[in-house]
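Trainee: task: produce atomic coordinates for the following.
(chains A, B, C and D)
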Amino acid sequence: MRRAIGALLCAALATTACQREQRRFSDSRPRDAERSAWAVAEGKRLYQAFNCDGCHGRGGGGGMGPPLMDAAWIYGVAPDNVYASIMRGRPNGMPAFGGRVTESQAWQLVAYVRSLSGQPSRGARPGRDDHMQVRESEQARRAERPVAAGTPKPGR
Amino acid sequence: MRRATLDVSALPSLVFGARAPIWWGVVGLLLIEGTALALVAAAYLYLRLNFEAWPPPGTPPPRLGAATADLVVLLASVLPMALVDRAARREARRPAWLALLVVIALGAVSLALRIPEFHALGCRWDSHAYGSVVWTTLGMHTAHVLTSTVENVLLAALLLAGPLERKHYVDVHVNALYWYFVAGTWTLVYALVFLGARWL
Amino acid sequence: MTRVALTLALTALGGCAGRPAALDPAGPQAARIAGFWSLLLAVSIAVSVVVLAVLLDALARRRGGSLPPPPAVDPRLERRLTFGVAAAVVLTAVLLLFLFVASLRTARALNALGEPDALTVEVTGHQWWWEVEYWDSAPARRVRTANEIHVPVGRPVLVKTRSADVIHSLWAPRLAGKKDLLPQHATSLWMQADRPGMFDGQCAEFCGHQHAHMRLTVVAEAPEAFQTWLAHQRTPAAEPTEPALLHGREVFLAGPCALCHTIAGTTAAARLGPDLTHLASRTTLAAGTLPNDLGALAAWLVDPQSVKPGVHMPPAALPPRDFQALVAYLGSLR
Amino acid sequence: MSVVAAPDRDGEAHDRAALALTWATPRGLRGWLSTANHKAVATRYVVSAFVFFALAGVLALIMRLQLAWPESRLIGPDLYNQIFTVHGSTMMFLFAVPVMEAMGIYLVPLMIGTRNVAFPRMNAFGYWTYLIGGGLLWIAFLLNVGPDTGWFSYVPLAGPAYAAGKRVDIWAQMITFTEIAALVAGVEIVVTTLKFRCPGMSLNRIPLLVWAMLVMALMVIFAMPAIMIASTMLAMDRLVDTHFFNPAEGGDVLLWQHLFWFFGHPEVYIIFVPATGFVSSLITAFARRPIFGYPAMVLALISTGFLGFGLWVHHMFATGLPQLGESFFTAASMMIAIPSGIQVFCWLATLRSGRIVVRAPLLFALGFIALFVLGGLTGVMVAAVPFDLQAHDTYFVVAHFHYVLVGGAVFPLLGAILFWLPKMTGRMPSESLGRWSFAVLFVGFNLTFFPMHRLGLAGMPRRVYTYLAQTGWAGGNLLASAGAGVMAVGVLLFAANIAWTPGRGTPAGADPWGADTLEWSVPSPPPAYNFVYLPVVESRTPLWTTPTPAVVTGLRTDVPEVLVTDAIDATPDHRHVLDGPSMWPLLTALASGIGVIVAIFTPWGVTLGAVLLLITLTGWFWPRGVPVSDTARERA
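Mentor: Here you go, the predicted model:
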């Protein structure tokens, strides 16, 4: 019965609020990771755990790999494009994580990578983490307007 | 049925100082704000224990220029506020708002000086724990100066043109108390934020 | 009235099934605290009995039914009561002082356990499992295991505790008090087992979704058995011989497992999850949540979220043949 | 004291009518929203607090249902974490402190012989702010955005790295609201008690309940800023990347625990001290004699107030603090048992030398003594470091603090509600229903929480959403869950008694219990102005020693005027006109509410709140209408 009241109020007030707080542990709709702050935070944990920051830099600042926090997108900003980049890899050094990263983890990573440049709603973007602070946290940054960048310069 | 009675109709209805309930109300506020400021200072000192160098490397100790000027301004402002206080006790309307305008001006100067003071800190609130606690301490005191100055403006407007009643002189009198607190705590915040970075 | 009878029956049923862990010590630390507890209990029972007796006595003397006007206070009784209350307060102060001294002595005894030949174990708390490391000057001889602390009987153990994320608290009630694991300050805990056995413990500081299933076991064994266990843990994983196990290892290395886990002797060396080199030698799975058998292992691998909702381990979406081979391989890691 | 002919009958009737007119609250919704009458605001506070108590009680039942048997799948960890956090936060911040302060705001003006609290409009502002805070927490909880890191929200779990989303921000902002409301009520009670006592009520004639409320209010003033600083720091860490609690950037996770418990422990004494005031009033009334050892009781209250600030580190014994520090705080934690002991011994002496009349309210006080002694003793146990290392964060501590909070504060509160219900509603509660509710509550309480001592020693930690079968905790948990059911029945019985009373209770008259303090000298329910003529007090038990006291005349009846007296020996000092009803307190509370809630989503919420506050506070302060105090009489 309490769930009914919750659902009713949820509809009445900002519905994005409860969407943001959804903790779907066994993820039936992994693509919705972007709207859940918990899933984006999991994506941030995996970004550091799987050493994505080794190439793309702490907080997406760039390094061997291209920066992820700026407006330039080489292979497109849409979730499916980012998902493809992760799972099938890209030329010039982006490995394919297809078999190694599971689907729900991948969608959490996609959600976090897009939040690096402020794509999903501000409420779902994570705050600072408990490490050395390299740059502003994802929620404090200005959202970038994505721009399709040209083909990558080889060997960058 | 004859009962003994205590006739109080002859008692005054306008009193100043610790006799007035509003005085105790403001003292209550000062105790609360004082405790909050003391706890932020305690947090400042507690966080100091986590650092070898204070301020941490890469952050210069804050420049003293603006803050010292601010100290002079605020301590100086205590004088005109004392005049406001005495005028209020005498229920002298003109001298009260004249002196209050001086206090407001000094308050405005102090607020203006806050901008260079925040720059003088040499770091952002999210640079490190030093930056966080220093910005919070300075921010809290700035909020006090702002609210007190706004209150002064309100009282001055009331003294100048408002439907003034005799009881409002008590408000002007106790407002002086709050200003003394704001000016007084600046010495603590100044010592902590601007000198603390050198001596601690 | 039946409900009262039912609950009373439950009291007998649920009540004293053996002594509670903290009062059934298996080590000097817990024994000292249990001794101190019995002193506290005795004092508390005495005080509460006296207070309730005085209360009931006062009630027994009650006289008025209606609300009579207040009587004049009898000065003689008042003086006697003043003396009584003063005596009670002094007695309270003395009792508290006595308990304080006893507490100091027990605390000092607890911290005096350290000796030169103490075994050092480093425990790092993670969100929802314990990383246990036996330090050694030579990196090759360092042993890393999870959720189980093997200790030799009779030898003091210094457990150096640290956290990799949030605050946890290491507590094995039958051996010693608890100590928080902080992400920043290194804390430590002295512990010693006087007799062999398996002593369960649990994380005592709320640490998130699976705080309830963050259990650990302290396995106390004879010093020789401990040394053989330690030596065995130092060896890399046994080379699989049967084709099924070989296939299982390939599935492990190619799939998501190698991204988080380590198996010494293979290319998998990630330290996000527990070290699985000797997984099968452990008594439990998933931080004390499941018994360590193939069925439980399969259930855990196919959907960890059903066992521990919120855990950071993803489900193994593998075709059945690969899955069976993986389970067989992991089961072979003695 | 001039002996002037007392106003005759129709003079008094005239004054009564004039006062009724002056102190009346405008009718209709606008009147209801703008009232500044301390009894109206306090009644709302008490009713709202008990609504939150019932809601949090339902959550407790759900938790007990989930823990009734091992590995239950009734509730998942995410929802369970929200439930125990909202249960704890609601009980501590939305029920316990507010209801004790509300009883103070209702009773203190009546007991010290005045007509309203010192700052009536600020009192209304405090209530509205509290209500917004409670609404924020519960609407968020029903929206699955309830906080889930415990009522104490330890960092780094509650920090930005491990608590995603807005859940902990909701908690931090709820703290801001409830603490503003608590501070407002604290200042109200301090100033009212010090400056508004009727003539003759010197410091040694203040009723013990008023002393308890004064000590509580002073503790509130010094304790609440700590939690406001801490929750603001946490909110800033989570929203604007400050590093107060970030270990990697010089912050410190223990800073949060120090700041929180520096508030946390005084908070539990803030809840307990007023309860001792209730017990003193109940025992005085039903033992038919003044309290034994009044000076000792007052000193005990004051020392409890001071000592309460000196022992917060006993919540942190397991964090590995230096040995010397732990021993100091063990000593301080044990020492505070002495003032509590003094109070219990004095109550027992009062009962022993009185002619006890057993009524339902007294049963709750007697139940309190039994439960509080047990709770106090387990408190002394966990005060000692060695045992605390075993008991900390286990169900032993859950049992301890429920014995001292439910046994030590809720039982006296329920007794006080039954005792003063005739005064508040004018009708007597049912005696048999009162006794039955006490009996069921007492049995249910012990059945629920006594087994938890054993569960804690058996190794069951706090805040676990389930446990394994082989842990052996199943029996104790099933018993506790059954006990919770019995307790729920007890609460329902009590609620039935409260609901039944206003309608069909027998009319109570001014003094149904023949008690000794001033509130029993005014009709029930008391008129808006409380006293037609303020009484003059000559002893500690005015109604018993001087049933028809001398009265104060000369206060104006055409303006809401009260007598302000000296703080020490209450000699009349001056006449003071209080503010009347106004909508501004509600509007100011809404303004600060909007600002604080918007601040969860964007830091600009603070500026929005500041601007709105500027407008509403100016509206509140700016005088309007006929200058009240400068009437013709004054100028003449």
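
Trainee: for the chain, which segments count as helices?
Mentor: Since you didn't name a chain, this refers to chain A. A:2-12, A:15-20, A:37-49, A:52-56, A:79-88, A:103-116 (DSSP state H).

Trainee: my bad, chain B
Mentor: For chain B, applying DSSP H gives helices covering B:21-48, B:65-89, B:93-120, B:129-161, B:167-189, B:196-199.

Trainee: which residues does D:Phe601 contact?
Mentor: Counting by C-beta atoms under 8 Å, 6 or more residues apart in numbering or on different chains, D:Phe601 makes contact with A:Arg122, A:Gly123, D:Lys166. Using the backbone N, CA and C atoms, a C-beta is placed for each residue, glycine as well.

Trainee: how many residues are close by B:Leu31?
Mentor: By the criterion of other C-beta atoms under 10 Å in any protein chain shown, B:Leu31 has 19 neighbours.

Trainee: ok, and does stretch D:580-588 reach over to chain B?
Mentor: No - figure legend: stretch D:580-588 not in contact with chain B (C-beta under 8 Å from any C-beta of the partner chain); closest approach 13.6 Å.

Trainee: returning to what we had before: worst average pLDDT in the helices of chain B?
Mentor: The minimum mean pLDDT among the helices of chain B belongs to helix B:196-199 (a mean of 87).

Trainee: identify the residues contacting that one?
Mentor: Under C-beta under 8 Å, 6+ apart, the answer for helix B:196-199 is B:Tyr44, B:Arg48, B:Trp54, B:Pro55, B:Pro61, B:Pro62, B:Val134.

Trainee: select from those the one having the most neighbours.
Mentor: Top of these by neighbour number is B:Val134, holding 28 neighbours under the definition other C-beta under 10 Å.

Trainee: possible to save the helices of chain B as a markdown table with distance to D:Tyr130?
Mentor: Formatted as a markdown table, the helices of chain B follow (distance: least, C-beta to C-beta, whole Å):
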| stretch | distance to D:Tyr130 |
| --- | --- |
| helix B:21-48 | 17 |
| helix B:65-89 | 34 |
| helix B:93-120 | 32 |
| helix B:129-161 | 22 |
| helix B:167-189 | 25 |
| helix B:196-199 | 37 |
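
Trainee: and of the ones you listed, who's closest to C:Trp128?
Mentor: helix B:129-161 (28.4 Å; C-beta to C-beta).

Trainee: show me what that closest one is packed against.
Mentor: Helix B:129-161 is packed against helix B:21-48, helix B:93-120, helix B:167-189, helix D:208-239, helix D:604-621, with contacts defined by 3 or more C-beta pairs under 8 Å, 6 or more residues apart in numbering or on different chains; DSSP states H and E.

Trainee: residues near the residue of the stretch 501-636 of chain D found nearest chain C, how many?
Mentor: Ranked by C-beta to the nearest C-beta, the top residue of the stretch 501-636 of chain D for proximity to chain C is D:Gly514, at 4.3 Å. By other C-beta under 10 Å, the residues close to D:Gly514 number 17.

Trainee: could you list every residue that touches the residue nearest to it when sequence neighbours are not counted?
Mentor: Nearest non-adjacent residue to D:Gly514, counting by C-beta to C-beta, 6 or more residues apart in numbering or on different chains: C:Leu67, 4.3 Å away. By C-beta under 8 Å, 6+ apart, C:Leu67 lies in contact with D:Arg288, D:Val357, D:Trp513, D:Gly514.

Trainee: next, C:Leu67: secondary structure please.
Mentor: Look at C:Leu67: counting by DSSP: H, G, I helix; E, B strand; the rest coil, its state is coil.

Trainee: distance of it relative to chain B?
Mentor: Distance from C:Leu67 to chain B, counting by C-beta to the nearest C-beta, to the nearest Å: 25 Å.

Trainee: and the pLDDT for that residue?
Mentor: On the pLDDT scale, C:Leu67 gets 70.

Trainee: which non-adjacent residue is nearest the residue nearest to the spatial centre of chain A?
Mentor: Among the residues of chain A, the one closest to the centroid is A:Tyr112, at 1.6 Å (C-alpha atoms, centre = their mean). Nearest residue to A:Tyr112 in three dimensions, chain neighbours excluded: A:Gly43, at 2.9 Å (C-beta to C-beta, 6+ apart).

Trainee: list the residues that contact the one you found.
Mentor: Residues in contact with A:Gly43 (C-beta under 8 Å, 6+ apart) are A:Ala33, A:Gln108, A:Leu109, A:Val110, A:Ala111, A:Tyr112, A:Val113, A:Ser115.

Trainee: and what of C:Ala176?
Mentor: C:Ala176 sits next to C:Gly27, C:Gln29, C:Ala30, C:Leu110, C:Leu189, C:Trp190, C:Met191, C:Gln192, D:Leu389 when contact means C-beta under 8 Å, 6+ apart.

Trainee: are we agreed that it is in a strand?
Mentor: No - counting by three-state DSSP, C:Ala176 is not part of a strand but coil.

Trainee: now D:Val552: which helix or strand?
Mentor: Assessed by DSSP states H and E, D:Val552 sits inside strand D:551-553.

Trainee: what's around residue 28, how many residues?
Mentor: I went with chain A, as the question did not name one. A:Ser28: 7 neighbours (other C-beta under 10 Å).

Trainee: wrong one, chain D
Mentor: Neighbour tally, D:Gly28, other C-beta under 10 Å: 9.

Trainee: from D:Thr35, how far out is it?
Mentor: According to C-beta to C-beta, to the nearest Å, D:Gly28 and D:Thr35 sit 11 Å apart.

Trainee: could I get the pLDDT score of C:His126?
Mentor: 95.

Trainee: for C:Ala270, same thing?
Mentor: pLDDT, C:Ala270: 91.

Trainee: how close does it get to chain A?
Mentor: The spacing between C:Ala270 and chain A, counted by C-beta to the nearest C-beta, is 8 Å.

Trainee: for residue 68, which non-adjacent residue is closest in space?
Mentor: I'll assume chain A. The shortest distance from A:Leu68 to any non-neighbouring residue, by C-beta to C-beta, 6+ apart, is to A:Gly60 (3.6 Å).

Trainee: nope, chain D
Mentor: D:Ser481 (3.8 Å).

Trainee: surely that neighbour is in contact with D:Arg64?
Mentor: Yes - when contacts are counted by C-beta atoms under 8 Å, D:Ser481 is listed as touching D:Arg64 (4.2 Å).
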